[in-house]
Every structure is written in structure tokens, then in C-alpha cells.
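Colleague: Dropping a prediction and its sequence here:
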Amino acid sequence: MATVKCSACGGPVEEEKALPLGSDYPGEVVHDDDGCIAKARERIDQERGVKDEVSKALRILFGQVNGSSKSGATLVRCLTASVRLEHRTLQQGLMAALKGLIENYAEFDEDLRNQDAVEWARKVKEAGRDCYLRFI
Ligand SMILES: [Zn+2]
């Protein structure tokens with residue numbers, strides 16, 4: 001019998017018994033259980049909020065690198081100075097998130113416009129394969 005993954009608890013659900021979360025949550029299925037339904041909706045809604053905030057921040061960062069390699073250098077200096085001012089636990093948390101981004105970016109489609117970045121990401125991913133950044 002085929003199973004799918006519950007969007008809330010991650011456990012297997014028999015495909016026939018999997019409950020779609022509804023049109024506001026396309027592709028998401030859960031156990032037919034009030035706890036899983038509420039938990040999945042809460043997680044997805046929270047992720048949507050984070051995604052919106054991250055998208056706003058990235059628009060600012062992309063604006064700084066758009067059309068000029070010199071702006072990229074300015075952005076690096078400003079990012080470095082800003083990160084240095086933050087709590088070291090937050091610094092490590094940010095670096096862990098960036099590590100995850102780099103690992104995912106290594107799998108991105110590429111053409112000449114991002115080829116160097118994807119190849120670099122693959123090398124960094126391989127070099128950091130055994131490195132885990134703890135939350136302390
Ligand atoms: Zn579940």
C-alpha cells in the first residue's frame with residue numbers, strides 16, 4: 001500500500017487516508033487528526049511569514065549587487081560589519097542558515113550567468129560535508 005508523508009508529523013500516511021489540507025495549502029496532506037491538521041497549518045503559515053520577510057531582505061541585498069561588482073564589495077564590508085555586531089550565537093545561526101543555502105544552491109540549475117557560483121557552492125558543500133554548526 002502506497003504511503004505519503006504527513007506535513008505535520010512527518011510520519012507515513014496511507015495514501016487513501018491522507019487528508020488534503022485544502023486549497024490554501026496545495027500539495028500538503030496530513031493524518032486525519034486534529035493535532036496534525038493544526039500543526040501543519042501553523043508550520044506552513046509561519047514559514048510563509050518568514051519567506052515574505054526573507055524575500056524583502058533579499059530584494060535589498062540584490063539591489064546592492066545589481067549591475068556593479070563594486071557594490072558587491074561594499075555589500076560584503078557592510079554585511080561583515082553588521083554581523084560582527086550581533087550576538088555570537090546569532091552569528092553562528094546565520095552561518096548555519098547560509099551553509100544550508102550554499103548546500104541547496106549547489107543543486108540549482110545553472111547556465112553561464114551563475115555557473116561559477118554553482119561550481120563554487122559544490123566545492124564548499126563538499127568541503128563542509130562533515131561540519132555541523134551547533135546552536136549554543
Ligand atoms: Zn501526522
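Modeller: Sure thing, it's come through. Note that the structure is predicted; figures quoted are calculated from it, not measured.

Colleague: for the residue positioned nearest the centre of the chain, phi and psi?
Modeller: Residue closest to the average C-alpha location in the chain (CA atoms, centre = their mean): residue 101, at 6.2 Å. Per-residue torsions, residue 101: phi -60, psi -50 (degrees, to the nearest 10).

Colleague: For it, list the residues it contacts.
Modeller: By CB atoms under 8 Å, 6 or more residues apart in numbering, no residues touch residue 101. C-beta coordinates here come from the backbone N, C-alpha and C atoms, glycine included.

Colleague: in stretch 54-64, what's buried?
Modeller: Residues of stretch 54-64 classed as buried by neighbour count (16 or more other CB atoms under 10 Å): none.

Colleague: which other residues reach it?
Modeller: In contact with stretch 54-64 (CB under 8 Å, 6+ apart) are residues 71-72, 74-75, 78.

Colleague: which other residues reach the helix or strand of the chain with the lowest mean pLDDT?
Modeller: Sorted by mean pLDDT, DSSP states H and E, the helices and strands of the chain end with helix 69-84, the least confident at a mean of 88. Where contact means CB under 8 Å, 6+ apart, the residues beyond helix 69-84 that reach it are 61, 64-65, 91, 94.
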